[in-house]
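In: A structural model of the following input is requested.
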Amino acid sequence: MAKRKLKNVTAGMIQWHPAFVTGIDLDLSKYRNGVVHENEHNLNSKPLSIDVLIRKKVNVRIEDNEIGKIFRRYNIVEYKSPDDHMDIDTYYKVNGYACLFKSYGEWVDAIKAEEVTISLFRYAKPQKLFQYFRRNGMTVSNPYPGIYYVEGKTLFPVQVVVTGELDVDKHIWLVALSGKLTEQQVEKILAKASQLTNEREKRLADSVLQVCVAANRKIVEKLKGENHMCQALAEIMEPEIRQWKAESMAAGRAAGRAEGRAEARSEYITIVINMLRDLGQSDEDIQGIIIKNFSLHENEVEKYMAI
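Out: So this is what the prediction gives:
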């Protein structure tokens, strides 16, 4: 299994789109048996693809997820990172994708127009786009915090999801995709991540968490000395630390010699230290985590910290 390391990512290098895909997956996790996500669904053989296509089974009703209430059988999703614009051309481009998707059925009218919806996601409200809608005879309603329905002269049902306005308790993984989080929001996100028990959801949350930490590094630095923050990060890291320890032992057994075990173990300890540093933890807190999880003496940990 490949070793993973949280990289020290600068704001310009943050991979927002992959994190969004995992965020929307986590947001709709209750309906995973009836909802399938396709990242970058290709419309044809040419390089033209939808950000995310969400297929919903006909018999699945999404009642208690505000984002999913509008969903029908095929749901075209466009995501704009916090620094990207969402304008009228974005709207028409996604409508074009939806029209092409509808036209590419296996037979004539195989995909019904009434089975298709459009969802546009962005952190901030696209004010100029909303003005365009109203000037052109369309109405914009706001049935739930951060969710706007566009109605009138539309080919398909359309919603604009403003992630910066969403209820953080209901849509925490989408709210996390911002570089403008408050201390309280960061704490909630870390606490939520540490409470996850499903292994698949832990892996998905880790992808979102990496982006969240990289985009809000100043807040993480400010909070890193607080005990509950350290505990939350330690709990998030614990399953991976256990996994790496198991892999270390397996590598040693495969090598068939003590030095092989020691080398693999040292490598994993170094990876864990680097990951915790990237998450903003102080060296003092990291020492405590390493001592607890690897049963090392303080002087042994200091050698690893100096590498």
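
In: right, and the helix or strand after the helix or strand hosting K292?
Out: When secondary structure is defined by DSSP states H and E, K292 falls within helix 283-294. Toward the C-terminus, helix 283-294 is succeeded by helix 298-305 as the next helix or strand (DSSP H and E).

In: now that following helix and helix 283-294, what's the angle there?
Out: Calculated by axes from the mean of the first three to the mean of the last three CA atoms, to 10 degrees, helix 298-305 forms an angle of 110 degrees with helix 283-294.

In: mind exporting helix 298-305 as PDB, just the C-alpha atoms?
Out: Output of helix 298-305 as PDB, limited to C-alpha atoms (Å, rounded to 0.1, in the frame of the first residue of the first chain):
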ATOM      1  CA  GLU A 298      11.900  10.700  24.900                       C
ATOM      2  CA  ASN A 299      15.600  10.600  23.900                       C
ATOM      3  CA  GLU A 300      14.700   8.200  21.000                       C
ATOM      4  CA  VAL A 301      12.000  10.600  19.800                       C
ATOM      5  CA  GLU A 302      14.300  13.500  19.800                       C
ATOM      6  CA  LYS A 303      16.600  11.800  17.300                       C
ATOM      7  CA  TYR A 304      13.700  11.400  14.900                       C
ATOM      8  CA  MET A 305      12.600  15.000  15.500                       C
END
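
In: so what does that helix touch, helix or strand wise?
Out: Helix 298-305 sits against helix 258-278, helix 283-294, with contacts defined as 3 or more CB pairs under 8 Å, 6 or more residues apart in numbering; DSSP states H and E. The way it works is simple: take the backbone N, C-alpha and C, and place the C-beta from them, glycine included.

In: lowest mean pLDDT across those, which one is that?
Out: Lowest mean pLDDT of those: helix 258-278, a mean of 70.

In: D285: how many residues sit nearby?
Out: 20 (other CB atoms under 10 Å).

In: what do you get for the one 4 residues further on?
Out: I289: 21 surrounding residues under other CB under 10 Å.

In: go on, K128?
Out: 12.

In: can you tell me the element it falls in?
Out: Short version, using DSSP H and E: K128 is in helix 127-135.

In: tell me how far the helix holding K292 lies from the chain's centre.
Out: Centroid separation between helix 283-294 and its chain, computed with CA atoms, centre = their mean, to the nearest Å, is 28 Å.

In: also stretch 266-281?
Out: 22 Å.

In: what segments of the stretch 51-200 of the chain are strands?
Out: 74-79, 116-122, 139-144, 147-151, 158-162 (DSSP state E, counting those that start in this stretch).

In: can you list the strands that the first one pairs with?
Out: By that I understand strand 74-79. With DSSP bridges as the test, strand 74-79 is paired with strand 49-56 (antiparallel), strand 116-122 (parallel).

In: just the ones you listed: most buried one?
Out: Most buried of the strands paired with strand 74-79 by mean neighbour count (mean count of other CB atoms under 10 Å) is strand 116-122; its value is a mean of 22.
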